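**Student:** Predicted model, plus sequence, below.
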Amino acid sequence: MRYLLFVILFLPFAGLAQRQVAITMDDAPVMALPEYYTAGQRKAVSEKLLQQINALRTPVSVFIVGDNCIAPDNQLLLKKWVDNPLITLGSHTLHHPNCADLSIDSFKMEVMINDYIIRAVAKDKPVPYFRFPYNAMGKDSMAQAERTGYLKEKGYTAVPFTIESNDYLFERYYQDALRAKDNRKAKAIGEAYIRYTLFSFDYFEKLAREIFGRDIPQVYLCHVNQLNADHYTALVKALQQRGYRCVSLQQAMQDNVYNTPLYDHSPYGFSWLFRWIPDAAIRKTHLRNSPESDKELAAFK
């Protein structure tokens, strides 16, 4: 009888307990927002994020933009990310260009110079991953194969994402509210960001189950910015309440879904869950119905 009661109580939550998410942050060591961030603010954002990552023991992969590291104080910030054992490193090019607009030689130069800048700080720490800025891998399948082939030669794994929440858009509204000393509005924007992120998770969880028939380890894309520095703990705890466990990018990508072929080779940077849909008409329908942050942000314009 006790066993039966346990099964009845546990079964509704059994699927939730298996959910996994790898958190990835672009534009390390801090987003390039010179109109908002002073050197002191960059330091505060970086340190606050790392403190929460340490406190929550969440593995995070960061993708480094070389341009963001040239200033000496930014090199010191990068060193703190490098030295943290919870952090896995990735490259995000030198200047953060749309790689679909670059020749292959220009793309290689972006990667090679960024290698040099990262290695100057990272030393022997591995840098196994690469993420395309704007998730634009190339203008067509041939260009994308050429670029990913080069990355493979350099020892990089090109990293996808399954969920994002346009945090960089929320960040600009958030910064405007902070500069206006409108704390009530800033609080509302932060709450809207968490709400929209959870809504996005709900949408892409359902889409993953439709495509693969099960929950998959999700890869969440966000950025190193003040919005996340101020709301990282709230976001992680909200995901934990949904049954998620934060795992490393390596662990998430061991799932066989990440070997699924791409059926869409357009230059646009949408979720790999869309790119994994073989039927173009079904893919377009899902894209039309996907979450739009504009509705959440309209209240703050």
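**Tutor:** That came in fine, so what should we check first?

**Student:** And the strands in the stretch 101-250 of the chain?
**Tutor:** Secondary structure of the stretch 101-250 of the chain by DSSP state E, counting those that start in this stretch: the strands cover 129-130, 157-158, 163-164, 218-223, 244-246.

**Student:** among those, which is nearest L77?
**Tutor:** Of all those, strand 218-223 sits nearest to L77, with 14.4 Å by CB to CB. Backbone N, C-alpha and C define where each C-beta goes, glycine included.

**Student:** Now do the closest one: which elements does it pack against?
**Tutor:** The contact analysis (3 or more CB pairs under 8 Å, 6 or more residues apart in numbering; DSSP states H and E) places strand 218-223 against strand 19-28, strand 163-164, helix 167-179, helix 183-212, helix 249-252.

**Student:** taking the mean pLDDT, what do you get for that strand?
**Tutor:** Strand 218-223 shows a mean pLDDT of 98.

**Student:** when you give positions from now on, start the count at 59
**Tutor:** Taking 59 as the first residue, the last one we looked at is strand 276-281.

**Student:** how far away is the most centrally placed residue in the chain from Y232?
**Tutor:** By CA atoms, centre = their mean, the mean C-alpha position of the chain lies nearest to L279, the distance being 1.5 Å. Counting by CB to CB, to the nearest Å, the separation of L279 from Y232 is 18 Å.

**Student:** same deal with Q308?
**Tutor:** Distance of Q308 to Y232, given as CB to CB: 31 Å.

**Student:** Looking at those two, which is more packed in?
**Tutor:** Of the pair Q308 and Y232, Y232 is the one with more neighbours under other CB atoms under 10 Å, namely 26 against 14.

**Student:** Isn't that one up against E249?
**Tutor:** No. Using CB atoms under 8 Å, Y232 is not in contact with E249; the gap is 11.0 Å.

**Student:** Quick check: neighbours shared by those two?
**Tutor:** Common contacts of Y232 and E249, defined by CB atoms under 8 Å, 6 or more residues apart in numbering, are absent altogether.
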